[in-house]
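Visitor: Sequence plus the predicted model coming up.
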Amino acid sequence: METMVIGIAGGTGSGKTTLTDRLKRHFGDDVSVVYHDNYYKSHDDLTYEQRCDLNYDHPDAFDTDLLIEHLAALRAGEEIDCPVYDFTVHNRSDKTLRIKPSRVLLIEGILIFQNRALRDLMDIKIFVDTDADVRLLRRLSRDVKERGRSLDSVVTQYLSTVKPMHEQFVEPSKRAADIIVLEGGHNNVALDMIIQRVERHLAGNEK
């Protein structure tokens with residue numbers, strides 16, 4: 001059976017990961033997940049302070065070509081060693097994550113619909129659409145609690161790069177979506193529809 005590739009995009013804090021996690025929990029080993037965030041480019045040549053000043057919300061911040069290569073390998077039945085990004089130091093770690101091929105691949109990230117070559121590998125494109133104020137509050141909470149960031153640094157980054165890059169790249173990419181889901185994984189109606197579509201694929205019935 002061919003691998004189904006599902007892209008889950010949306011702004012920072014929109015609920016992409018919640019939707020991805022719920023699908024993964026539901027289907028278990030039938031689903032593998034690849035996060036675009038892990039493909040941020042390595043910057044070993046820069047100091048921590050210099051890395052803090054980079055624009056991480058522009059498409060050029062990602063090694064998307066490597067992600068495309070890895071997706072092709074997974075679809076061909078090969079395992080990959082996915083890079084692992086460490087947000088606390090703004091750089092790739094020295095670790096990798098072994099990902100096995102599966103019948104369904106979930107690709108998650110804010111900018112995965114912006115790249116045409118990456119987008120064309122996806123069978124279903126889902127955009128998670130959530131109010132900007134809600135997204136900002138979620139990002140503040142996540143970055144301070146989970147990534148060791150100060151409140152001021154998160155707000156500064158949001159105003160200087162996150163918000164303008166969202167408006168320039170993320171929001172326009174919504175036009176490429178097949179499905180727009182409000183509130184991400186908390187939208188049970190949309191989640192049930194997606195689950196049913198995946199179940200048809202796993203059963204070998206695409207109609």
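Guide: Looks like it came in fine.
Visitor: which SSE is residue 7 in?
Guide: For residue 7, the element it lies in under DSSP states H and E is strand 4-10.
Visitor: now swap in residue 181 and tell me
Guide: strand 179-182.
Visitor: what's that strand packed up against?
Guide: Packing partners of strand 179-182 (3 or more Cβ pairs under 8 Å, 6 or more residues apart in numbering; DSSP states H and E): strand 124-129, helix 188-202. For the C-beta atoms, the positions are set from N, CA and C on the backbone; glycine is no exception.
Visitor: Tell me which of these sits most buried.
Guide: Most buried of the helices and strands packed on strand 179-182, by mean neighbour count (mean count of other Cβ atoms under 10 Å): strand 124-129, with a mean of 23.
Visitor: if we can go back for a sec, please produce a markdown table containing the helices and strands packed on strand 179-182, extended by mean pLDDT.
Guide: A markdown table is the format used below for those (pLDDT from 0 to 100):
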| stretch | mean pLDDT |
| --- | --- |
| strand 124-129 | 96 |
| helix 188-202 | 95 |
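Visitor: Dump those into TSV; add distance to residue 144 as well.
Guide: Shown next, in TSV, are the helices and strands packed on strand 179-182 (distance: least, Cβ to Cβ, whole Å):
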stretch	distance to residue 144
strand 124-129	22
helix 188-202	28
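Visitor: With respect to residue 50, which of the ones you listed lies nearest?
Guide: strand 124-129 (31.9 Å; Cβ to Cβ).
Visitor: ok, residues contacting the closest one?
Guide: 4-11, 14-16, 19, 113, 119, 173-174, 176-184, 194, 197 (Cβ atoms under 8 Å, 6 or more residues apart in numbering).
Visitor: change it to 7 Å
Guide: For strand 124-129, the surrounding residues in contact (Cβ atoms under 7 Å, 6 or more residues apart in numbering) are 6-10, 14-16, 19, 113, 119, 174, 176-182, 184, 197.
Visitor: Same question for stretch 156-169.
Guide: Contacts of stretch 156-169 (Cβ under 7 Å, 6+ apart): 11, 12, 55, 56, 57, 58, 59, 111, 114, 136, 139.
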